[in-house]
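Trainee: pasting a predicted model and its sequence here:
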Amino acid sequence: MLKQQMRASAYHLKPAEIKKLVIASANFRDRCIIKTLYWLGLRRHELAALDVRDIDFERKRVNVRQGKGGKTRIVPIIDDEFIGDIKHLIGAKKEGYVFLSNQDKPLSLRAINYIIEYTGKKAGVENPHPSRKHLNPHLFRHSIASFLKS
């Protein structure tokens, strides 16, 4: 009988590993990036395109306008601490990208990958997938789905 291979979506981080990553983040922006990837289950291009106007704090939800296939979807915000962090990060801004580089430009997809990879190394958290070397942003999407399922 052949050994059945697990799909990539079967691999995820445990909540304790997410916490380690949050603690090991280089700065507040990076901490918010990790929390956003996890709590909202966003893809990295959705994170990079996230605009302040997309976040509805009153209704505790985020409008993801540029999802896969150009589709729009609404994502509930289920963690109050996360809401406070995002409010603090945004400050008084009424529009514009939520996550900016050190040069006040939108974060590139490569920069997001680097932040996740660097934070993973610093925290000592490895990708649970045996054939993958580094953490990647999509892993957080699998992790929140697994967390919500349990």
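Mentor: Done, it's in.
Trainee: what number of residues lie near H12?
Mentor: Residues lying near H12 (other C-beta atoms under 10 Å) number 19. In this view, the C-beta of every residue, glycine as well, is placed from N, C-alpha and C.
Trainee: can you tell me the closest non-neighbouring residue to the spatially most central residue of the chain?
Mentor: Central residue of the chain (C-alpha atoms, centre = their mean): L37, 1.1 Å from the mean position. Leaving out its chain neighbours, the residue that sits closest to L37 by C-beta to C-beta, 6 or more residues apart in numbering is F140, at 3.8 Å.
Trainee: the helix or strand that neighbour falls within: which residues count as buried?
Mentor: According to DSSP states H and E, F140 maps onto helix 138-149. Neighbour counts using 16 or more other C-beta atoms under 10 Å place 138-144, 146-147 of helix 138-149 among the buried residues.
Trainee: quick check, nearest of those to L89?
Mentor: F140 (17.4 Å; C-beta to C-beta).
Trainee: determine the longest helix present in the chain.
Mentor: In the chain, assigned by DSSP state H, the helix with the most residues is helix 109-123.
Trainee: got the contact list for A10?
Mentor: A10 sits next to H142 when contact means C-beta atoms under 8 Å, 6 or more residues apart in numbering.
Trainee: what secondary structure does the residue lying closest to L40 once chain neighbours are set aside sit in?
Mentor: Distance criterion C-beta to C-beta, 6+ apart; nearest residue to L40, sequence neighbours excluded, is V75 at 5.0 Å. Classification of V75 by DSSP: H, G, I helix; E, B strand; the rest coil places it in strand.
Trainee: okay, now V75: neighbour count?
Mentor: If you count neighbours by other C-beta under 10 Å, V75 ends up with 16.
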